[in-house]
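>>> okay, sequence plus prediction incoming.
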Amino acid sequence: MWIVAVAWIYVVVLMAATEPTVTGGIMTFLAYCVVPLSILFYLTGSKRRRAKRELQARAAQDSAAADGDN
């Protein structure tokens, strides 16, 4: 996953470098790189976020159960 993202960033940086203005280059970089990759990483990270949330809930239940035993 990371190699594809790095390659895409490289391609978009080269695209942005060929824009005639700095503003056009920045907009190209934002539109073709930052926004799509942030959406992609958000969508692919949902499984990790869910697992982390479940782990935290389980840890909270275990600590509540341990406090209730005292």
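Okay, I see it. Residues are numbered from 1 along each chain as shown.

>>> okay, which residue is most central for the protein?
The chain has F41 as the residue nearest its centroid, 3.4 Å off, counting by CA atoms, centre = their mean.

>>> and the helices in this structure?
2-17, 22-29, 35-44, 46-69 (DSSP state H).

>>> export those to a markdown table and tack on mean pLDDT?
A markdown table is the format used below for these (pLDDT from 0 to 100):
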| stretch | mean pLDDT |
| --- | --- |
| helix 2-17 | 95 |
| helix 22-29 | 97 |
| helix 35-44 | 92 |
| helix 46-69 | 84 |
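
>>> how much space separates A65 from F29?
For A65, the distance to F29 (CB to CB, to the nearest Å) stands at 50 Å. C-betas here are computed from N, CA, C, even on glycine.

>>> can you give me the end-to-end span of stretch 9-28?
End-to-end distance of stretch 9-28 (CA to CA, to the nearest Å): 11 Å.

>>> mind listing what's buried along it?
With burial defined by 16 or more other CB atoms under 10 Å, the residues of stretch 9-28 counted as buried are 12, 16, 25, 28.

>>> which residues touch M15?
Shown in contact with M15 (CB atoms under 8 Å, 6 or more residues apart in numbering): 28, 32.

>>> apply 6 Å and report the result again.
Neighbouring residues of M15 by CB atoms under 6 Å, 6 or more residues apart in numbering: T28.

>>> find the nearest non-adjacent residue to L37, please.
Once flanking residues are discounted, L37 sits nearest to A5: 5.9 Å by CB to CB, 6 or more residues apart in numbering.

>>> tell me, how many residues neighbour that neighbour?
Applying other CB atoms under 10 Å, we find 14 other residues in the vicinity of A5.

>>> distance of it from Q56?
From A5 to Q56 the distance is 27 Å (CB to CB).

>>> kindly export stretch 50-69 (C-alpha atoms) in PDB.
What follows is stretch 50-69 as a C-alpha-only set of coordinates in PDB (Å, rounded to 0.1, in the frame of the first residue of the first chain):
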ATOM      1  CA  ARG A  50     -12.600  -0.500  14.700                       C
ATOM      2  CA  ALA A  51     -10.100  -3.000  16.200                       C
ATOM      3  CA  LYS A  52      -8.500  -0.300  18.300                       C
ATOM      4  CA  ARG A  53     -12.000   0.900  19.500                       C
ATOM      5  CA  GLU A  54     -12.900  -2.700  20.500                       C
ATOM      6  CA  LEU A  55      -9.600  -3.200  22.300                       C
ATOM      7  CA  GLN A  56     -10.100   0.000  24.300                       C
ATOM      8  CA  ALA A  57     -13.700  -1.100  25.200                       C
ATOM      9  CA  ARG A  58     -12.400  -4.500  26.300                       C
ATOM     10  CA  ALA A  59      -9.700  -2.900  28.400                       C
ATOM     11  CA  ALA A  60     -12.300  -0.600  30.000                       C
ATOM     12  CA  GLN A  61     -14.500  -3.600  30.800                       C
ATOM     13  CA  ASP A  62     -11.600  -5.500  32.300                       C
ATOM     14  CA  SER A  63     -10.500  -2.600  34.400                       C
ATOM     15  CA  ALA A  64     -14.100  -2.000  35.600                       C
ATOM     16  CA  ALA A  65     -14.400  -5.700  36.500                       C
ATOM     17  CA  ALA A  66     -11.100  -5.500  38.300                       C
ATOM     18  CA  ASP A  67     -12.300  -2.500  40.300                       C
ATOM     19  CA  GLY A  68     -15.500  -4.200  41.100                       C
ATOM     20  CA  ASP A  69     -13.700  -7.200  42.600                       C
END
